[in-house]
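**Student:** This is a predicted model, with the sequence first.
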Amino acid sequence: MEKAASAEGKTLSEVIQETAERYLNHRGIDRLLYLWRYNTDGTLCPPGDTSPVPPPYLLLPPDGKFPALIEWNGRQYEHLRMGIFIARDATDWDVADLFDRLSPEWDGHTNLKFNRAVYRALAVKAVRHRGAAPVAKVLDFVSGTGLGFSVFRKLFPRANLCAFDLSPKMASRSKRKGYCMKSLSNNRLRIPDHDIDLVAGAFVLGLLRADFWIHELSRILAPGGVASFNLFNPPAGWEARFSKLFSGAGIPLCHDALSTFSGGGKEGKMHLLIARKQ
Ligand SMILES: C[S@@+](CC[C@H](N)C(=O)[O-])C[C@H]1O[C@@H](n2cnc3c(N)ncnc32)[C@H](O)[C@@H]1O
């Protein structure tokens, strides 16, 4: 793994725990993000002041798996990633706000080579579904810290590479890597209709809360353009939901298969979804 930017020897669990707690204290409300913990005896306990046990906490459950859904105080929370549960009524902006807080430490706790390998696979496989047409414009949809830039620059040396991320801090990191950053205006991406040939979405599809993003991607894709995503931690019932969502948006799925991704000494199986604009 490449070197941490400013992690000061903390584990990702500690960083997430602190940021989530700061976040909760800052907002002072219960509807947004919750960090639940497993005690050493395997019982689950809710976050913050309601926790019956003092720190340090064990963040990973004994079997290594977090439940997909939990209920607490009559509310339902879904597992977002790594022990963070999110209220079912949280918005995309709430998710992006969490990533904003995690952004300074993010690269230090990510296997950068593996994520770049995922980006590469997303692009290479998407191009196969596009046919011979050249790729002139690429959108990294939720670029995080901008890991995809170097991958796309190599694959598409002459293409226009742009990106979007809802977290301002992630977006500014991406910009420094070389991306032309796109913003939102009145809930629309500032990108003209039918402008983009290839959209790559790495580690994002399971995070999206609103369907509207997929409709936006359909709007900006040129006819024959493709969008590819890996699916990390898929939400329950995702097959039927995504198939309907992508078809309804005018970019039906043309590929949906479990794929092996490898890079940076890591290998993982995830679903790879490719949608094609009609
Ligand atoms: C797990 S990171 C992945 C970043 C990057 N694709 C990578 O693989 O390194 C998820 C990113 O999604 C962004 N994000 C989450 N929900 C979003 C949304 N609805 N629209 C745009 N960005 C979103 C977060 O700000 C964060 O940068």
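**Tutor:** Ah, there it is. Numbering: from 1, shown residues only.
**Student:** who's in contact with the closest residue to Arg130 other than its chain neighbours?
**Tutor:** Distances taken as CB to CB, 6 or more residues apart in numbering place Val226 nearest to Arg130, at 4.9 Å, with adjacent residues excluded. Glycine gets a C-beta too; all of them are placed from N, C-alpha and C. By CB atoms under 8 Å, 6 or more residues apart in numbering, the contact list for Val226 reads Ala126, Val127, His129, Arg130, Asp197, Leu198, Val199, Cys254, Ile274, Ala275, Arg276, Lys277.
**Student:** what's the helix or strand for the second one?
**Tutor:** What it means is Val127. helix 112-130 (DSSP states H and E).
**Student:** contact partners of the very next helix or strand once past that helix?
**Tutor:** Next helix or strand after helix 112-130 toward the C-terminus (DSSP H and E): strand 137-141. Here strand 137-141 makes contact (CB under 8 Å, 6+ apart) with 119, 123, 146, 148-149, 152, 156, 159-164, 174, 179, 182, 191, 195-202, 204, 213, 217, 220, 227.
**Student:** so what's the residue nearest to Arg130 bridging to?
**Tutor:** Judged by DSSP bridges, the bridge partners of Val226 are Leu198, Arg276.
**Student:** Double-check Ala257 against His271; I have them as touching.
**Tutor:** Yes: in terms of CB atoms under 8 Å, Ala257 counts as a neighbour of His271; the distance is 7.0 Å.
**Student:** Nearest to the spatial middle of this structure, which residue is it?
**Tutor:** Val204 (2.6 Å; CA atoms, centre = their mean).
**Student:** Tell me how many other residues crowd the residue lying closest to that residue once chain neighbours are set aside.
**Tutor:** Nearest non-adjacent residue to Val204, counting by CB to CB, 6+ apart: Val142, 4.2 Å away. Neighbours of Val142 under the rule other CB atoms under 10 Å: 27.
**Student:** how about Val142, phi and psi?
**Tutor:** Main-chain torsions, Val142, degrees, to the nearest 10: phi 70, psi 80.
**Student:** what about Asp89, which helix or strand?
**Tutor:** Following DSSP H and E, one finds Asp89 outside all helices and strands.
**Student:** and Gly131, how many neighbours?
**Tutor:** Gly131 has 9 neighbours, counted by other CB under 10 Å.
**Student:** Equivalent analysis for Ala96, please.
**Tutor:** By other CB under 10 Å, neighbour count at Ala96 equals 19.
**Student:** next one: Cys180
**Tutor:** By other CB under 10 Å, neighbour count at Cys180 equals 12.
**Student:** next one: Arg128
**Tutor:** 11.
**Student:** what's the pLDDT at it?
**Tutor:** Confidence at Arg128, expressed as pLDDT, is 94.
**Student:** circling back: now for the residue nearest to the centre of the chain: which residues touch it?
**Tutor:** Contacts of Val204 by CB under 8 Å, 6+ apart are Phe141, Val142, Phe229.
**Student:** Looking at it now. What's its pLDDT?
**Tutor:** Confidence score, pLDDT, at Val204: 94.
**Student:** State the distance from Asp165 to the ligand.
**Tutor:** 5 Å (CB to the nearest ligand atom, to the nearest Å).
**Student:** Excluding sequence neighbours, find me the nearest residue to that residue.
**Tutor:** Asp165's closest residue in space is Ala171 (CB to CB, 6+ apart), at 4.5 Å.
**Student:** ditto for Ala117
**Tutor:** That would be Gly263: by CB to CB, 6+ apart, it lies 2.6 Å from Ala117.
**Student:** I'd say that neighbour and Lys113 touch.
**Tutor:** Yes: using CB under 8 Å, Gly263 is in contact with Lys113, at 4.8 Å.
**Student:** Would you tell me what helix or strand His215 is located in?
**Tutor:** With DSSP H and E as the criterion, His215 is inside helix 212-220.
**Student:** Quick check: buried residues in that helix?
**Tutor:** For helix 212-220, burial by neighbour count (16 or more other CB atoms under 10 Å) applies to Trp213, Ile214, Glu216, Leu217, Ser218, Arg219, Ile220.
**Student:** so what's the fifth one up against?
**Tutor:** To tie it back to what came earlier, the one meant is Ser218. By CB under 8 Å, 6+ apart, the neighbours of Ser218 are Ala249, Gly250, Ile251, Lys277.
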